[in-house]
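Visitor: based on what follows, work out the 3D shape:
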Amino acid sequence: GGGIHVFDQDRYRGDFEFGTPSYIGLMMFRGRALVRALERARSLGKTVVWLEADMEYRESLLAAPDLYHGTDLSILWDGVVFCGCFIRFAPTHGSVAFYKNVMAETSERGHNDQEAINIVIGRAGETYTKLDHCRYRSGWLIKHPHEGDKCGDVRPAVQHHNWIIGNAAKVNMARRRGAWFHDDEAGRCRRRDMRIAVMTMDRPASLSRLLRSIDAAQYPPDATVDLQVTVDSDNGVGHAGTMAVLNGLRWSRGFLEVKVWPSRKGIYGQWLDAWPCELYPEDLYTAVVLLEDDMEVSPVF
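Guide: Numbering: from 1, shown residues only. Here you go, the predicted structure:
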C-alpha cells in the first residue's frame, strides 16, 4: 500500500530558494508528513524510501538488494555531505528518532534540513549505511566529470540532479541524456518514435550480439528511440555475465532503462510484463518492438 500527499499551493506559495524562510517552512511541512509516515510504517513493519522528483530512476528500487541493509538508514552521499534527497528508512525506532531530531534541529536552531541531517546523524544511536556513490549518484559526479569517470562502467540505479543549478540547466541536461519526455509547447508528453524492449536472462554472448545489431541499425537522424532491457532472475540479482554486458552498454538515441525482475518471470511472464503499455500514454510511441536475446535485427529493421 502507499499514499499520496497533496500540497496546498496557495498556502505554500513562494520562491523556496534554498535556505530562505519559505524553504525552511516547506521543509518543516514536508518533515512533519515524513515523521507521520515513518511512525505509521513502523507500526506496519514497512520500509519507507524518501526520494525527490529531481532524480532519474534507472532500476526498480524494490529489486535493488544493495539498498536494503540491516541498518536503520541507508543514505546518499552527494560528494560533500549526506543528502536529504534520498534516504531508505527501516521500520525501526532508530529511523523515527533520527528524523525527529532533524525536525528539532530545524525548528529550534533554524538550520535547513540538509544541515540538520548532517548535524544529527548518529546522535540518537541509529545505525546508517552510506550508499555506494557510483550506484546512487549525486549531481556532483555530473558537475565534476573526472570524479564520475572513476565509477567506470558501474551503472547507476539512481542519478540525482542536485549541483545542477536552475531549471533550464536541468532540462538541457535531461535533453542531452535523452530523458526529457515533455513537449513544452503542447504541455504533454512528446511523441517518441520507438521503444525497443529486449528480454534476457543468462545468455550474455547472445545478448551482446543482439545489442550490437540494434546499435548498428539505421535510424533517421532525428529519431528518438528508447532502449529497455529486462533481465529475468530468481532473486533480484541478475546473472553476472549479463549484468557485465549491460553495465558497459551505452545508448545515445534515447532513454536507456535496465530492469531486473525481483523473481522469476519465465519467458511467458517476460512477454506479458516487459512492455506495461497501461502505464504509458497511448500515443507516446509510434512503435514498440519486443525482442528475445537469441535474435539479431537487420540494419534496416
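Visitor: below-threshold pLDDT in the stretch 1-150 of the chain: ranges please.
Guide: Along the stretch 1-150 of the chain, the model assigns pLDDT under 70 to residues 1-19, 63.
Visitor: how about the helices in it?
Guide: 21-44, 93-109, 113-120, 140-143, 145-148 (DSSP state H, counting those that start in this stretch).
Visitor: any idea which of the ones you listed gets closest to M194?
Guide: Comparing these by their distance to M194 (C-beta to C-beta), the top pick is helix 140-143, with 27.0 Å. All C-beta atoms are positioned from the backbone trio N, CA, C, and that covers glycine.
Visitor: output the closest one in PDB with nothing but the alpha carbons.
Guide: Output of helix 140-143 as PDB, limited to C-alpha atoms (Å, rounded to 0.1, in the frame of the first residue of the first chain):
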ATOM      1  CA  TRP A 140      28.400  16.200  -8.000                       C
ATOM      2  CA  LEU A 141      29.600  13.500 -10.400                       C
ATOM      3  CA  ILE A 142      27.900  15.200 -13.400                       C
ATOM      4  CA  LYS A 143      29.300  18.600 -12.400                       C
END
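Visitor: buried residues, that helix. List them.
Guide: W140, L141, I142 (16 or more other C-beta atoms under 10 Å).
Visitor: what comes into contact with it?
Guide: For helix 140-143, the external contacting residues (C-beta atoms under 8 Å, 6 or more residues apart in numbering) are 78-80, 133, 147-148, 151, 159, 161-164, 173.
Visitor: repeat for stretch 216-228
Guide: 178, 190, 192-198, 214, 251, 253-259, 274, 285, 297-301.
Visitor: ok, now stretch 230-244?
Guide: Contacts of stretch 230-244 (C-beta under 8 Å, 6+ apart): 62-65, 197-204, 207, 246, 258-266, 269-270, 273-274.
Visitor: and it, C-alpha only, in PDB?
Guide: What follows is stretch 230-244, C-alpha atoms only, in PDB (Å, rounded to 0.1, in the frame of the first residue of the first chain):
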ATOM      1  CA  THR A 230      14.500  -6.600 -18.800                       C
ATOM      2  CA  VAL A 231      16.600  -9.300 -17.000                       C
ATOM      3  CA  ASP A 232      14.900 -12.400 -15.600                       C
ATOM      4  CA  SER A 233      16.300 -13.600 -12.200                       C
ATOM      5  CA  ASP A 234      15.400 -15.800  -9.300                       C
ATOM      6  CA  ASN A 235      16.200 -13.300  -6.500                       C
ATOM      7  CA  GLY A 236      16.500  -9.800  -8.000                       C
ATOM      8  CA  VAL A 237      20.200 -10.200  -8.800                       C
ATOM      9  CA  GLY A 238      20.900 -10.500 -12.500                       C
ATOM     10  CA  HIS A 239      23.300 -13.100 -14.000                       C
ATOM     11  CA  ALA A 240      26.900 -11.800 -13.600                       C
ATOM     12  CA  GLY A 241      27.800 -12.100 -17.200                       C
ATOM     13  CA  THR A 242      24.600 -10.500 -18.400                       C
ATOM     14  CA  MET A 243      25.000  -7.600 -15.900                       C
ATOM     15  CA  ALA A 244      28.600  -7.100 -17.100                       C
END
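Visitor: show the average pLDDT along that stretch.
Guide: In this model, stretch 230-244 carries a mean pLDDT of 88.
Visitor: can you give the distance of that stretch from its chain's centre?
Guide: Relative to its chain's centre, stretch 230-244 lies at 18 Å (C-alpha atoms, centre = their mean, to the nearest Å).
Visitor: just stretch 289-301 next, same as before
Guide: 28 Å.
Visitor: what does stretch 222-242 give?
Guide: That offset, for stretch 222-242, works out to 15 Å (C-alpha atoms, centre = their mean).
Visitor: for that stretch, how far is the first residue from the last?
Guide: One end of stretch 222-242 to the other measures 30 Å (C-alpha to C-alpha, to the nearest Å).
Visitor: mind listing what's buried in that stretch?
Guide: Counting neighbours by 16+ other C-beta under 10 Å, stretch 222-242 gives 224-233, 236, 238-239, 242 as buried.
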